[in-house]
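[1] Sequence first, then the predicted structure, then my questions.
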Amino acid sequence: RKEVEQDPGPFNVPEGATVAFNCTYSNSASQSFFWYRQDCRKEPKLLMSVYSSGNEDGRFTAQLNRASQYISLLIRDSKLSDSATYLCVVNLPSNTGKLIFGQGTTLQVKP
Amino acid sequence: EAGVTQFPSHSVIEKGQTVTLRCDPISGHDNLYWYRRVMGKEIKFLLHFVKESKQDESGMPNNRFLAERTGGTYSTLKVQPAELEDSGVYFCASSHFLAGDGELFFGEGSRLTVL
């Protein structure tokens, strides 16, 4: 079983749609959670951290469910520029500096 | 401010040859990481430097891989001899805080193709 699992997609949605990505992690002691965004053939960039109480940044909302070991990302009012791969990332409990990446979910927003 | 820079951006070598990848982290970042993405797989951790010291090298695949960070500035990752399965994109990242405490800044990656 992978340490961080994501549906690879692709998710094809029209502009303006709301889309949600899910992610599960296997280590119940994991402490820190993130969503990174990666454009084609570019480097991953931090989109947002995920906090226990849930957090929002503009059109993006992240949720964490520790009991189910589940993380979600909701994108409202999708833009063409949101097309990218979204990586679910978890930090090991020992906080060694080692991040565990999911395989990523690809989003394609169509006009 | 300059971001994380990596060189070369793309390298094509034959099996058995040697390749050295270089990473220049963001100035002032003590933490430097190497990650790798093999085709069709997730990005995987290779190792972590704090200044010039190897903090965690649990992700290094085998002894054909050697990473150094002399002087605590730039880092090199040498693959010798290269095998077909070493093909992939090697990302370097740096951070001021530990990865779990804050943002990792990634370079654009060095794409390695072993023929």
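    Sure, I can see it.
[2] Around A:Leu73, how many other residues sit close by?
    Per other Cβ atoms under 10 Å in any protein chain shown, the neighbour tally for A:Leu73 reads 22. In this view, the C-beta of every residue, glycine as well, is placed from N, C-alpha and C.
[3] Does it touch A:Ala84 like I think?
    No - between A:Leu73 and A:Ala84 there is no contact under Cβ atoms under 8 Å: 11.7 Å.
[4] Alpha carbons of stretch A:104-111, in CSV - could you do that?
    Output in CSV follows, covering the C-alpha atoms of stretch A:104-111 (Å, rounded to 0.1, in the frame of the first residue of the first chain):
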residue,chain,number,x,y,z
GLY,A,104,-0.7,13.6,-8.0
THR,A,105,-4.1,14.3,-9.5
THR,A,106,-4.2,15.9,-12.9
LEU,A,107,-6.7,18.6,-13.5
GLN,A,108,-7.6,20.0,-16.9
VAL,A,109,-9.9,23.0,-17.0
LYS,A,110,-11.6,23.4,-20.4
PRO,A,111,-13.0,26.7,-21.8
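[5] got a list of contacts for that stretch?
    Stretch A:104-111 is touched from outside by A:6-15, A:17, A:19, A:21, A:38, A:75, A:78-88, B:42, with contacts defined as Cβ atoms under 8 Å, 6 or more residues apart in numbering or on different chains.
[6] hmm, which of the residues you listed are the buried ones?
    Burial by neighbour count, 16 or more other Cβ atoms under 10 Å in any protein chain shown: within those this picks out A:6, A:11, A:13, A:19, A:21, A:38, A:75, A:78, A:82-88, B:42.
[7] Return the member of the residues you listed nearest to B:Pro81.
    B:Glu42 (25.8 Å; Cβ to Cβ).
[8] Let me know the distance separating the closest one from chain A.
    4 Å (Cβ to the nearest Cβ, to the nearest Å).
[9] Low-confidence ranges, chain B, go.
    Along chain B, the model assigns pLDDT under 70 to residues B:1, B:100.
[10] which SS class is the residue most central in space within it?
    By Cα atoms, centre = their mean, chain B has its centre lying nearest to B:Trp34, at 3.2 Å. Secondary structure state of B:Trp34, per DSSP: H, G, I helix; E, B strand; the rest coil, is strand.
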